[in-house]
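Peer 1: please work out how this folds:
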Amino acid sequence: MLIYDISEDKKREKLRKHILNYGLRRIQYSGLLGDVNTHDRLILTREVAQFISSCNDSIYIIPLCDRCLRLCKIVNNSGILEIQESDVEYVE
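Peer 2: Below you'll find the predicted structure:
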């Protein structure tokens, strides 16, 4: 999972495009979900640092295990939904 809060519009858009190249899919405006292997996650962590320009900017890269994904719940106007295995795209 990757969550970002970037204040500068131009950098935020560049970051969004950059992280989509890793196969992550958007689950919220500034939150993305997908499977990134350990090596690529380390590279991604280094790469996203260039998009931080303000002391208020932040990017969270949060690894989630299979069990965590299975326990995930989505709460919206439709009620409480569970994330199904088929809803998660794995990228190798």
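
Peer 1: so how many other residues sit close to Ile59?
Peer 2: By other C-beta atoms under 10 Å, 18 other residues sit near Ile59. In this view, the C-beta of every residue, glycine as well, is placed from N, C-alpha and C.

Peer 1: that one and Arg46 touch, don't they?
Peer 2: No. With contact defined as C-beta atoms under 8 Å, Ile59 does not reach Arg46; the gap is 11.4 Å.

Peer 1: shared neighbours, the two?
Peer 2: Common neighbours of Ile59 and Arg46 are not found (criterion: C-beta atoms under 8 Å, 6 or more residues apart in numbering).

Peer 1: any chance you could map the strands in this protein?
Peer 2: Here the chain has its strands, by DSSP state E, at 2-5, 25-28, 31-33, 58-61, 73-76, 79-82.

Peer 1: can I get those strands in CSV with distance to His39?
Peer 2: Formatted as CSV, these follow (distance: least, C-beta to C-beta, whole Å):
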stretch, distance to His39
strand 2-5, 16
strand 25-28, 20
strand 31-33, 19
strand 58-61, 13
strand 73-76, 30
strand 79-82, 30
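
Peer 1: closest one to Lys11 among those strands?
Peer 2: Closest approach to Lys11 among the strands of the chain is made by strand 2-5 (10.0 Å; C-beta to C-beta).

Peer 1: could you list every helix and strand that the closest one packs against?
Peer 2: Packing partners of strand 2-5 (3 or more C-beta pairs under 8 Å, 6 or more residues apart in numbering; DSSP states H and E): helix 9-20, strand 31-33, strand 58-61.

Peer 1: list the buried residues in it.
Peer 2: For strand 2-5, burial by neighbour count (16 or more other C-beta atoms under 10 Å) applies to 2, 4.

Peer 1: I would like the residues contacting that strand, please.
Peer 2: 12, 15, 19, 24, 28, 30-33, 44, 48, 51, 56-62.

Peer 1: before we move on, what about stretch 49-66?
Peer 2: The contact list for stretch 49-66 (C-beta under 8 Å, 6+ apart) reads 1-8, 11-12, 14-15, 18, 33, 41, 44-45, 48, 72.

Peer 1: check contacts around Leu33.
Peer 2: Counting by C-beta under 8 Å, 6+ apart, Leu33 touches 1-2, 24-25, 27, 64, 88.
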